[in-house]
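**Q** only geometry, no sequence info:
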């Protein structure tokens, strides 16, 4: 596949997409008696407004969006973001000249929230507070009548099920990722330092149309690797290595997240066997990825195959997860997660195992759960460990 | 400059670097009667341990490092990070199989902290809480005798002054960024869609040795741009545009952060005048960037020149900032920031102004404050607005 074969979808979303998300949130808020939900993370702000910028990488300024019980979201943001936010579907944009250590949006938030009795804040599993804790404590001290409850189930629940417009973006970036992995034999060779291999992968993915390649981890070592989150060392690729690259490429704010494994020159039987077990574990996951099954069912289906080689349960903690505006999203394919699969959920299947002397291997594919049967977004990995010669 | 001319420094740091950072923190903790400092953000964890991974992009798992009153830092981290953390200089690594929504490190943290009376947590300006607020509230509810005070001044104060080893990395990535901007005339042309221009810039920077180009924002429009944080639209470059690209490239975990401006084909007098004012504002900043001056002095020096064209104060909120493991770090060149400049501080000078009908322009350079005089890390922008033909 080349860049020419990839038809580029339209960027952005219709206002109706954001309206639908907001109205769904408001229906759930009404059921819980909430006067609104406050969000402050990049994906949550983007989910409700469409506000998309890399500027979030600067930790200096907090950003706030409030979803009221009815009507459009309200932005309370630094002035530097006003021009971009005015291009969104929302109308009520309140700004201050940030940074302002003495009052970084806190008095604006106070004015917005003090008439209210009960609001939601995503403060549960997989959330973070992207603002200074001291500012939050000060805000709360001035709002002693306000009851703040956990709204994680509302925001994560909505985001878990993707719209067709979101799936189109995810399908596109997964195709770019697949084409990039297909090109690996063209730029990888024995003797190439691994950090250079990684750079070439990123250049290839950008050339094939990825907006960014923010995530690329992996390893290469004799007979297998021992770690899957390290940055690449300058160690040259050697005959007998197993190479793994795991990438999160982005297009229009949506991620792919999958990996591929290769043997360099030759593969030993233990690595081949690990690969085969994981390939079949993924097949079991694909078969189990249907509505009404749970994430625990997905986990069980994959781990029953993995146990042929490794019954330790591994150290990654789960065998896949949700995927969308973030590299990893809820749910988790783990024994603790009884989330019921639904049409429109975009998931990774990520079986892993330990083998040999402290080695590990990971496979990963990206899918959409459909009433009509699972849709594979990634080009399925080869059934046998590919050998790069 | 080509990739061949860039001598690549050694990756990583000696253990003595982390030991020195830790001992400096401990001296400050002792002065404030603290039993330790808890950190949970990527740069803070990396600063004290060297733990470097892109895996932080997954929001699923929290990570904790505790700096005790004496001895090495203690890591409380997900098991998936144990192999990488064991390569660091620290010895005490406590792990759990994450994700675990019922207890994502909280009981391990409780065991570590409950014997203590008073600890520090960075919870002030420019910090965030990278863990679920509900988990923090639960931890605190079980530690009612523990006094948690703000340690922002300690961690940010230490990180503001860079070691020579850090400056070597910053010098390298700034050289890569400068070489990438120098190559712009080779790959930019009239009619090129701006998103393609951005992709080519990233491919160029990777080709010149950047590990990543996580940050690239900018704009191009007739006579000037109105926004500096947007993703690039597919609009083709046109004669008469002013193009700006602002990049944060990374090498071994350290950022450059600077921009360049070009006119496409031709430049009008207002854009040339804005460029000239900002170039001279930067000169004024360079002259003022010396030990004993404050960030406010830097701000005043640059804004006194900017006022020739624009006395509004702008909407970016400051005229530069610290730079290092993050795209933006403290301090801020703003009227509110009286931080005294010191030998070893790495800063951006980032004057901006509004001109014409709602247009804006931004310049940016990266420097080291030195007792012996300012060191420019970036190749100084041309004194006149460059025209790409």
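**A** Looks like it came in fine. Fair warning: this is a prediction, and the values are worked out from it, not measured in the lab.
**Q** hey, where'd the helices end up in the stretch 101-250 of chain A?
**A** Ranges of helices within the stretch 101-250 of chain A are A:106-113, A:133-141, A:152-160, A:164-182, A:184-187, A:194-207, based on DSSP state H, counting those that start in this stretch.
**Q** using a markdown table, lay out those helices together with mean pLDDT.
**A** A markdown table is the format used below for the helices of the stretch 101-250 of chain A (pLDDT from 0 to 100):
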| stretch | mean pLDDT |
| --- | --- |
| helix A:106-113 | 98 |
| helix A:133-141 | 98 |
| helix A:152-160 | 98 |
| helix A:164-182 | 98 |
| helix A:184-187 | 97 |
| helix A:194-207 | 97 |
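**Q** dump those helices into TSV; add mean neighbour count as well.
**A** Where you see a C-beta, it was placed from the backbone N, CA and C, and this is true even at glycine. Formatted as TSV, the helices of the stretch 101-250 of chain A follow (neighbours: other C-beta atoms under 10 Å in any protein chain shown):
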stretch	mean neighbour count
helix A:106-113	18
helix A:133-141	16
helix A:152-160	19
helix A:164-182	22
helix A:184-187	14
helix A:194-207	22
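**Q** columns distance to chain B on top of those, output as CSV?
**A** Output for those, formatted as CSV (distance: least, C-beta to the nearest C-beta, whole Å):
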stretch, distance to chain B
helix A:106-113, 12
helix A:133-141, 4
helix A:152-160, 8
helix A:164-182, 12
helix A:184-187, 12
helix A:194-207, 5
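**Q** of all the ones you listed, which one is nearest residue B:221?
**A** Evaluated over the helices of the stretch 101-250 of chain A, closeness to residue B:221 peaks at helix A:194-207, with 23.7 Å, by C-beta to C-beta.
**Q** look up the closest residue to the residue most central in space within chain A, ignoring the ones flanking it.
**A** By C-alpha atoms, centre = their mean, the mean C-alpha position of chain A lies nearest to residue A:327, the distance being 2.2 Å. Computed as C-beta to C-beta, 6 or more residues apart in numbering or on different chains, the closest residue to residue A:327 that is not its neighbour in sequence is residue A:248, at 4.3 Å.
**Q** ok, that neighbour - how many residues close by?
**A** 24 (other C-beta atoms under 10 Å in any protein chain shown).
**Q** how close does it sit to residue B:253?
**A** Per C-beta to C-beta, to the nearest Å, residue A:248 is found 18 Å from residue B:253.
**Q** check residue A:257 too.
**A** Taking C-beta to C-beta as the measure, residue A:257 falls 22 Å from residue B:253.
**Q** what do you get for residue A:371?
**A** 45 Å.
**Q** of those two, which one has the most company?
**A** Ranked by neighbour count (other C-beta under 10 Å), residue A:371 and residue B:253 place residue B:253 first, with 24 against 10.
**Q** wait, isn't that one in contact with residue B:52?
**A** Yes - judged on C-beta atoms under 8 Å, residue B:253 makes contact with residue B:52 at a distance of 5.1 Å.
**Q** please identify every residue contacting each of those two.
**A** Residues touching both residue B:253 and residue B:52 (C-beta atoms under 8 Å, 6 or more residues apart in numbering or on different chains) are residue B:46.
**Q** which strand or helix spans residue A:30?
**A** helix A:15-31 (DSSP states H and E).
**Q** what's the answer for residue A:347, then?
**A** Element membership of residue A:347, judged by DSSP H and E, is strand A:346-349.
**Q** show me what the following helix or strand past that strand is packed against.
**A** Proceeding N to C from strand A:346-349, the next assigned helix or strand is strand A:352-355, under DSSP H and E. Strand A:352-355 is packed against helix A:269-288, strand A:359-362, with contacts defined by 3 or more C-beta pairs under 8 Å, 6 or more residues apart in numbering or on different chains; DSSP states H and E.
**Q** so which of these comes closest to chain B?
**A** strand A:359-362 (8.9 Å; C-beta to the nearest C-beta).
**Q** residue A:266 contacts residue A:239, correct?
**A** Yes - proximity of residue A:266 to residue A:239 meets the contact threshold set by C-beta under 8 Å, at 6.3 Å.
**Q** the domain parsing of chain A - what is it?
**A** Domain ranges of chain A: A:15-159, A:161-388, per automatic domain parsing.
**Q** what's the end-to-end length of the last one?
**A** End-to-end distance of domain A:161-388: 38 Å, with C-alpha to C-alpha, to the nearest Å as the criterion.
**Q** can you name the residues of the stretch 201-350 of chain A that neighbour chain B?
**A** A:202-203, A:206-207, A:209, A:211-217, A:226-231, A:233-234, A:248, A:313, A:315-318, A:321, A:326-328, A:332, A:334, A:336 (C-beta under 8 Å from any C-beta of the partner chain).
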